[in-house]
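Enquirer: When you get a sec, could you give me coordinates for this:
(one chain, ligands or ions: 1)
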Amino acid sequence: MKILFLNGPNLNLLGQREPAVYGHTTLADIEAMVRERSTKLGVGIEFRQSNLEGELVNWIQDAKGKFEVIVINAAGYTHTSVVLRDAIVAVGVPTIEIHISNVHAREEFRHVSLIAPVCRGQIVGFGANSYVLAVEAAVIVNGSK
Ligand code: DQA
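Expert: All right, here's what the predicted structure looks like:
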């Protein structure tokens, strides 16, 4: 089984970006945490980040036949992106939405996710551990296909 982890805009700045909200863990640290848990579960992963909406769309499209599950932190695009939602639907690879912060406890515009209705589920608010929990969730989703 292979999981594709996709990270949207500004997540490359984790560690220095709004540490009161997102903590001090860098994206490289998070990738290491995900790799450790995946290795224990015997799961392969690929971990990518882009600030470009179209690149995220291309990666979702390319996932078909190569990855069993997509885990996506679409960052700000979560709240705005019709094209990410359309790509998830078009490709049909089971997708899990994750966030570091509890978006529901923040500004109102973050309460809306355009991708949530087309994802299998959401993991939000557990800091960097949202990513580790997503590995477990992806294994469950894959097992229930
Ligand atoms: C985020 C939450 C989004 O609202 C925000 O735009 C981000 C990060 C999170 O992981 O908590 O960039 O996706």
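Enquirer: C-alpha only now, for contacts and for neighbours.
Expert: Will do.
Enquirer: So what's the residue count around residue 138?
Expert: For residue 138, the neighbour count with other Cα atoms under 10 Å is 25.
Enquirer: Pretty sure it sits against residue 4.
Expert: No - assessed by Cα atoms under 8 Å, residue 138 is found out of contact with residue 4, at 9.9 Å.
Enquirer: Run through the residues that contact residue 42.
Expert: Residue 42 makes contact with no residue, according to Cα atoms under 8 Å, 6 or more residues apart in numbering.
Enquirer: Look up how far residue 23 lies from it.
Expert: Going from residue 42 to residue 23 by Cα to Cα, to the nearest Å gives 28 Å.
Enquirer: coming back round to it: any common contacting residues for residue 138 and residue 4?
Expert: Shared contacts of residue 138 and residue 4 (Cα under 8 Å, 6+ apart): 69, 70, 71.
Enquirer: Out of these, flag the one nearest to residue 11.
Expert: residue 71 (14.3 Å; Cα to Cα).
Enquirer: so which helix or strand takes in the closest one?
Expert: Element membership of residue 71 [criterion: DSSP states H and E] is strand 69-73.
Enquirer: Convert that strand to PDB, retaining C-alpha atoms only.
Expert: C-alpha atoms of strand 69-73 as PDB (Å, rounded to 0.1, in the frame of the first residue of the first chain):
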ATOM      1  CA  VAL A  69      -4.900   6.800  -0.500                       C
ATOM      2  CA  ILE A  70      -4.200  10.500  -0.700                       C
ATOM      3  CA  VAL A  71      -3.800  12.500   2.500                       C
ATOM      4  CA  ILE A  72      -4.100  16.200   1.800                       C
ATOM      5  CA  ASN A  73      -3.400  19.300   3.900                       C
END
